[in-house]
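Asker: Sequence unavailable; structure follows:
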């Protein structure tokens, strides 16, 4: 089984959206038995909380329900256990690198490295409203498709 972990700061916007989008693609590809998917945050701000309502609404407009997901903080065990650890931006990438053992660093990537055609390296945080949730969803969808191609 291949284990995928999506990581953002609080685990309420970007990473649960990525978990939902990628889970949907994996389900459509009939690979759910081969790929395990989860998400987490680098910070403990929202542990136990549901995804941001705006993220839920945007995902639901695309037929993806992420309301059942629960925010959690990434652990040292996650960094050892997962095969792909995908940071939404450089800030979270740095935190992940600082937490992991040297042998686990090759598993940590910027998520959008799987969508080079976008010419964008980071998924912006939509929480403060600087970038729209729909824009973030579209970036995540492109990254998810590229990741699934890589894994397949």
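Answerer: Nice, thanks for sending it over. Quick caveat, the model's predicted, so the values are computed rather than measured. Numbers count the residues shown, from 1 in each chain.

Asker: Quick one: mean pLDDT over the host helix or strand of residue 94.
Answerer: Per DSSP states H and E: residue 94 is located in helix 90-99. What helix 90-99 shows for mean pLDDT is 96.

Asker: which helix of the protein spans the most residues?
Answerer: The longest helix of the chain (DSSP state H) is helix 133-151.

Asker: And the strands in this structure?
Answerer: Along the chain, counting by DSSP state E, strands occupy 2-8, 35-41, 84-87, 108-110.

Asker: Point out the most buried one among those strands.
Answerer: strand 84-87 (a mean of 26; mean count of other Cβ atoms under 10 Å). No exception for glycine: its C-beta is placed from N, CA and C like everyone else's.

Asker: Can you check what pLDDT the model gives residue 124?
Answerer: Residue 124 is given a pLDDT of 94.

Asker: Any stretches of this structure with poor pLDDT?
Answerer: Scanning the chain for pLDDT under 70 picks out the ranges 130-131.
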